[in-house]
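K.L.:
Whatever this is, show me its structure:
(chains A and B)
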Amino acid sequence: MDVVIGLEVHVQLNRLKTKLFCSCPLDYHGREPNTHVCPVCLGLPGAMPVINREAVRSAIKVALALNAEINPVMRFDRKNYFYPDLPKGFQISQYDMPLAWGGYVTIETESGEKRVTLKRIHMEEDPGKLSYKGSITTAKYSLIDYNRSGAPLLEIVTEPVLRSPKEARTFLNTLRIILEYLDVFDGDLEGAMRVDANISIAGGGRVEIKNISSFKGVERALAYEITRQKNLMRRGRKIERETRHFDEANSITVSLRSKEEEQDYRYFPEPDLVPIYTSEFVDDVKDALPEMPWEKRERLIKQYSLSLEKAKILVLDPKMADYFERVAKEIDPRVAASWIVDVLRGELNYRDMSFSEGERRLNSDELVELLTYFLKGRITEKGVVEVIRTKLDHGGSVEEIIQSKGLFSIPQDEIDRLCREAIEKNPKAVEDYRAGKKQAANFLVGYVMKMTEGRADPGETARKIREILEEIS
Amino acid sequence: MIDDDAVRHIANLSKIEVDDDEIQEFKRDFERIIEFFNRLDEIDPDVEPTYNVIPLKNVVRKDMPRKPLDREKVLANAKFREEGYFKGPRVVE
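P.N.:
Sure thing, here's the model as predicted:
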């Protein structure tokens, strides 16, 4: 059956220092409620909004990177609705003269590349946050924190061109990477990206799922909705056009049962803000546009002779690509890529750790130090993995870990010396060996293993011991 | 063209209560307002709409944080509060 999905993605421009229309600091995460507010974001009478210049630049950056057509003049409008998360009784948003029209994001699907076209991109302010003692349905009242109120948001609206929950998730992942490259967005912060999803199955009404706050959530909510709608259709029921809420804890969607009142936002131009002529910003922003993931991928392949697969993974996170390039300055780039992509990234995923967190625990200089030991044969492949794991879990210096865990390989001449010493100090075992008890050699290997605290290669040591025994017999 | 329901709808959006007498009053007022606005139809439709009456554009500020309002002042006018939060009605029916 034909599934059609469109997304409205709310992206917080959370790399900025202040809110969209006032100078309140944006670092409110984890802080006491209502400590990052002022008369403007509280909507006190007489307070006047003034737009953040960097927010305009960031928004234009995003519009350019998403290939959208930037409006020569953009304007703000008031979207009126009554809800406690809005202290003013309206949200400053954009209506008929938004930041940009159109644009697209290229995603990779199982059947190749796909262009996800966009309808529009507009700027708006984030509302405050409601919380409840107990659950949303049983609490007698709501608690309101306006720290988030007025945070700069972009709303990115796709055309209804996504065909599966998985495609929706891939789109969001790709979008996140682009935003992180632009350095306007940190996806690790709580509430950084919130999504409304519209979905309809051939012939059915369009259902909107509101305020999904994780990528996994989007995929699950849509998958649940498809199953629910198909089951209804199978029973000959009609799919009503409605708005549903995603219950993250139970991975289901529930009807909001709002009084079926047509939403009437009564948009009108925000009289306290003046229009923005974007051309004054665009050239400047264009010049400052960073290398995008698809450009970086091509460059990495060319500059370091990496495989497409390795390059594709490295560019998934600009921090990982930068890290790779720092390591590749010092050691063979292909060795560096392989350790970063195959080992480090795997260990991070296993720990559910972001790359930046991994980088804090094992910086690029430390990886260079570690891999240099490896390339000089001072430490085995297994040893490298063990150091990486220890660094991620407990910290410490690379050398200390190698020392304390006894991971330095023993030089060959030291092994040779110990083999001779084993033979000299154990005449009985040597005699037994000569008498035909070949397993007596194991005793001699055991001696070397004991002296090296297990760091000698047992197979190699046994070979060496037999070699010497044969020589002197 | 303005009926009782339209007045009730607008009252509801405005979160005010109106009784039946008031509805009649508002109906008359709204009619007059609409009549007044209808005069705009006489204007040449090609005239640029006036979105802003002040001849300013691109008024922006630097992205520099300033000290927010003291929380005691923030909550000074709140009728109900709890643990630094504003306390509001429950929002789900």
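K.L.:
which helix of chain B spans the most residues?
P.N.:
helix B:20-38 (DSSP state H).
K.L.:
typo on my end, chain A
P.N.:
Chain A, longest helix under DSSP H: helix A:215-234.
K.L.:
Give the buried residues for that helix.
P.N.:
A:215, A:217-222, A:224-226, A:229, A:233 (16 or more other Cβ atoms under 10 Å in any protein chain shown). Backbone N, C-alpha and C define where each C-beta goes, glycine included.
K.L.:
out of those, who's nearest chain B?
P.N.:
Distance to chain B across the buried residues of helix A:215-234 (Cβ to the nearest Cβ) is lowest for A:Ala221, with 18.5 Å.
K.L.:
contacting residues for that closest one?
P.N.:
For A:Ala221, the contacting residues are A:197, A:209, A:212, A:246, A:251, A:253, by Cβ atoms under 8 Å, 6 or more residues apart in numbering or on different chains.
K.L.:
Let me see the confidence value for the nearest residue to the fourth one once chain neighbours are set aside.
P.N.:
Leaving aside its chain neighbours, A:Phe246 sits nearest to A:Ala221 (4.2 Å; criterion: Cβ to Cβ, 6 or more residues apart in numbering or on different chains). According to the predicted model, the pLDDT of A:Ala221 comes to 94.
K.L.:
what does A:Asp413 give?
P.N.:
pLDDT for A:Asp413: 83.
K.L.:
all helices for the stretch 351-473 of chain A, in order.
P.N.:
A:355-361, A:364-375, A:381-393, A:398-404, A:412-425, A:427-434, A:440-451, A:458-472 (DSSP state H, counting those that start in this stretch).
K.L.:
What of chain B?
P.N.:
B:4-13, B:20-38, B:71-74.
K.L.:
Quick one: low-confidence residue ranges for chain B.
P.N.:
B:92-93 (pLDDT under 70).
K.L.:
Repeat the analysis, applying 50 as the threshold.
P.N.:
Within chain B, no stretch falls below the threshold (pLDDT under 50).
K.L.:
and the longest strand along it, which residues are buried?
P.N.:
In chain B, assigned by DSSP state E, the strand with the most residues is strand B:85-89. With burial defined by 16+ other Cβ under 10 Å, the residues of strand B:85-89 counted as buried are B:85-88.
K.L.:
Next, the nearest residue to A:Ser354 once chain neighbours are set aside: phi, psi?
P.N.:
Nearest residue to A:Ser354, sequence neighbours excluded (Cβ to Cβ, 6+ apart): A:Asp188, at 5.7 Å. Backbone torsions for A:Asp188, taken as degrees, to the nearest 10, come to phi -80, psi -20.
K.L.:
Check A:Val4 too.
P.N.:
Reported as degrees, to the nearest 10, the phi and psi values for A:Val4 are phi -130, psi 130.
K.L.:
now the strands: where do they sit in the stretch 101-250 of chain A?
P.N.:
Assigned by DSSP state E, counting those that start in this stretch, the strands in the stretch 101-250 of chain A fall at A:104-109, A:112-125, A:129-131, A:141-145, A:152-158, A:193-201, A:207-212, A:242-247.
K.L.:
The fourth one: partners in the sheet, and parallel or antiparallel?
P.N.:
Pointing back at strand A:141-145 there. strand A:129-131 (antiparallel), strand B:85-89 (antiparallel) (DSSP bridges).
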